[in-house]
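> Let me see the structure of the following:
(2 chains)
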Amino acid sequence: MFRHPIYTALCMATCGYLLWSNARGWTPFYFAKQQAVRAMGGPRFFHK
Amino acid sequence: MRSYDCPSCGATLHFESSIAVSAVCAFCRSLVVRRDLDVETLGSLAQLPPDLSPLQIGTTGTLGGRGFRLAGRLRWQWAGGSWTEWFAEFAGGEGYGWLGESQGFYMLTTSTEVSDLQAVDQLEAGQQLNIAGRNWTVIDIKTATCVGGEGELPEAVSQGKARLAADLQGSGGAFASLEAVEDGAEFFVGRYARFADLNFGNLRAVPGWSPGAEGKRLEGVTTSFSCPNCAAPVELRAAGLTMSAVCGSCGTIIDTSDQRHQILETAKLRLSADRLDIPIGRRGTFRGTEYEVIGFVRRKDSYSTWSEYLLFNPWRGFDWLVTWGGHWSFVERMLQPPNEQGNAVSDGSRSFRLFARYEAAVSSALGEFYWQTSTSERTHVADYIAPPYVISKETYPDLAEVTWSRGEYVSGKEIERSFGLEDLQEPSGVYLNQPNPYRQKWSTLRLPLIAAIILLVALQLFFAATSPTREVFSGNYLFRKTDGERVLATDPFDLKGTGRVVVESDAAVANNWIGFDLALVDEATGKRFEQDIELEYYYGRDSDGSWSEGKPKDVASIGDVPPGRYRLVITSSADPNVTEMPFNIRVRSGGLFWSNFWMTLGLLLIFPLWNFFRAHSFEHERWSDSDFSP
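A predicted model of the protein is given here:
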């Protein structure tokens, strides 16, 4: 298992991330969207 | 032990063996045959040239629990080489056998009575035989001549006696020989053995190889003679065991099977020694065995040229290092032929697939060889691969001989370390038995990948089971155009624990739309979490029938919301044609973002998938050089 230390570390990191993100209800997609909304200066999205 | 006076020279002859009927006088070389109490001379046998065999008269050994002692030997020579047969007297007066010594491996056989044997001169190399219930493959048919002998012998063999014999190979390392005799054939059966299998004792010190008095190996001992063509010195490093040498000065092939050193071919294989990766005469310890490089052959077929280095060790025999394009393989003779099944062979532990069939010829050579090399030498070769191994079947049509050898891929770095070399060519391209590094990588990637996937699935299932969503708020509202862009705030609701919040909305949209900008606001801190929902639903009918698009309800998720008392601030807008539209809002907390699971799974699979495609590409490149690509 440890013949690929970087990949093994990646495996451990992904499991750790899933544990953390599920516990906090966090997702990068919402985080990115919120940052984008703020960058555009307000909560409004573009409606038709 | 009985002693006699040699009828020729009067020297005392000792018969230590009770079976031996003849002995070679060590002084006058007469072949003395004993008959009851008397002895007589039947010609003479030439003295054998000094060689590097570790065996001598008096050497003892055991094979399969059967002890023996070597009492004498004969040297047989054929058009392409020679070998030694030792008279092995079994312990306890249990008869005798012959221990063949050739190219560093051994065949111990005893005569066995079998009726209805096939005539030897009607056999062909490669032919399958069944003798006494066992299957055999004919690997070699040759007429050999006795060129000398020494010690005691169980029969009287005269100098120059010719005999026709076929060598047979069976399963499990079995070896047999069918020898033509006056009234048919005689069958000798036994098995192949390596030096280490025979538990030899009372061996002789091998000049240049055995530790000296100080326990150190002597420097390599060479035998020199002058090239009969150009008079340049030619050195032999395995004198007595090699059959030909190539003059390093003029390229003439010289017969080294005896002391006459006659020319076999004139100045055709000229090759400059400085073009060799490993110099002739270089010694090195490769995988625990000390070898000396004694010969070099460059071979070619219709497509490419490759190089073969002949390695020698007196106790191990001859092995090869084969190189092409910076790739190396260590090749040894197989004492047990693999099983052939169509375009595949099996050595019992793995299956090898046919990779190439070709005819190989010698283009240049240097050093010495255990056969009589020639520029007209043609070999039909079939290579079967199971990287890092390769099995080669070599058929010599001119010699009625088939040999099998097995090679293993070796890194250039290991060759450099073993033979004290520097800067060997880096490998280029993909070689037929080069291990696929991506397949090797997969074998080590597999465990962490599977472990991580199992852990990811377990974690996700655990959270899915322990994080249900629950409703924390719901309300019904009405959008009125006259209110303009209406902003409303829901009643406050509590969120317990940091987590995910889902806002669900539905409205009676019909060929129009309504949109909500949502802000989840923490009453205590004023922190806002924004999202938006847009509901639209259009439908109608055209020439293709009825159609619809959009949907009247949707959800929006908000992540990482800390616990607290919140209100949802809703800013709504709608299609200009809408004057009023009721809509519902529900807020739920808990649940999982499955995007995290799929994202981590994808992340884990990127490297293995990349590795898989590289492995496939590597195999594609390997087999692109083959006419038998699967």
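
> use CA for all of it now, contacts and neighbours both
OK.

> Could you check how many residues crowd around residue B:570?
20 (other CA atoms under 10 Å in any protein chain shown).

> what about the helices in the chain?
Since no chain was named, I'll use chain A. Counting by DSSP state H, residue ranges of the helices within chain A are A:5-24, A:28-39.

> Chain B was what I was after
Under DSSP H, chain B gives helices at B:412-419, B:437-466, B:594-623.

> Select, out of the ones you listed, the one closest to residue B:518.
Closest of the helices of chain B to residue B:518 is helix B:594-623, at 21.7 Å (criterion: CA to CA).

> Give me the buried positions along the closest one.
Neighbour-count burial for helix B:594-623, with 16 or more other CA atoms under 10 Å in any protein chain shown as criterion, is recorded at B:596-597, B:600-601, B:604, B:608, B:611-612, B:614-615, B:618-619, B:622-623.

> other SSEs contacting that helix?
Helices and strands touching helix B:594-623, by 3 or more CA pairs under 8 Å, 6 or more residues apart in numbering or on different chains; DSSP states H and E, are helix A:5-24, helix B:437-466.

> For residue B:576, which of these is the nearest?
helix A:5-24 (40.1 Å).

> Dump the closest one to CSV, keeping only the CA atoms.
Output of helix A:5-24 as CSV, limited to C-alpha atoms (Å, rounded to 0.1, in the frame of the first residue of the first chain):
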residue,chain,number,x,y,z
PRO,A,5,2.9,7.2,-0.7
ILE,A,6,1.4,10.1,-2.7
TYR,A,7,-1.5,8.2,-3.9
THR,A,8,-2.0,6.6,-0.5
ALA,A,9,-2.0,10.1,1.0
LEU,A,10,-4.5,11.2,-1.6
CYS,A,11,-6.8,8.2,-0.6
MET,A,12,-6.6,9.1,3.0
ALA,A,13,-7.1,12.8,2.3
THR,A,14,-10.3,12.1,0.2
CYS,A,15,-11.7,10.0,3.0
GLY,A,16,-10.9,12.7,5.5
TYR,A,17,-12.5,15.3,3.2
LEU,A,18,-15.7,13.3,2.8
LEU,A,19,-15.8,12.8,6.6
TRP,A,20,-15.4,16.6,7.2
SER,A,21,-17.7,17.8,4.4
ASN,A,22,-20.5,15.4,5.3
ALA,A,23,-20.2,16.4,9.0
ARG,A,24,-20.4,20.2,8.1
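
> on contacts alone, who are the packing partners of that helix?
helix B:437-466, strand B:499-507, strand B:553-561, helix B:594-623.

> residues contacting the nearest residue to residue B:497 once chain neighbours are set aside?
Nearest residue to residue B:497, sequence neighbours excluded (CA to CA, 6 or more residues apart in numbering or on different chains): residue B:563, at 4.7 Å. Applying CA atoms under 8 Å, 6 or more residues apart in numbering or on different chains, we find residue B:563 in contact with B:494-499.

> What residue in the stretch 51-200 of chain B comes nearest to chain A?
Nearest residue of the stretch 51-200 of chain B to chain A, counting by CA to the nearest CA: residue B:196, 35.9 Å away.

> Tell me how far that residue lies from residue B:474.
As judged by CA to CA, to the nearest Å, residue B:196 and residue B:474 stand 87 Å apart.

> mind listing what residue B:48 touches?
Residue B:48 sits in contact with B:75, B:147-150, where contact means CA under 8 Å, 6+ apart.

> out of the residues you listed, which is most surrounded?
Highest neighbour count within those, by other CA under 10 Å: residue B:149, with 27 neighbours.

> Tell me what that residue is bridged to.
residue B:74 (DSSP bridges).

> can you pull the contacts of the residue nearest the centre of chain A?
When CA atoms, centre = their mean is applied to chain A, the residue found nearest the centroid is residue A:28 (2.8 Å). Not one residue lies near residue A:28 by CA under 8 Å, 6+ apart.

> And the pLDDT for it?
What the model reports for residue A:28 is a pLDDT of 91.

> If we ignore the residues flanking it in sequence, what's nearest residue B:59?
residue B:202 (4.8 Å).

> Can you tell me the number of residues neighbouring residue B:629?
There are 14 residues near residue B:629, going by other CA under 10 Å.

> do the same with residue B:311
Neighbour count of residue B:311, defined by other CA under 10 Å: 26.

> tell me the contacts of it?
By CA under 8 Å, 6+ apart, the contact list for residue B:311 reads B:291-295, B:318-321.

> Can you pull the residues of chain B lying near chain A?
Chain B has residues B:444-445, B:447-449, B:452, B:455-456, B:459-460, B:463, B:498-500, B:515, B:517-519, B:529-532, B:534, B:557-561, B:575, B:590-593, B:595-597, B:600, B:603-604 near chain A, with proximity defined as CA under 8 Å from any CA of the partner chain.
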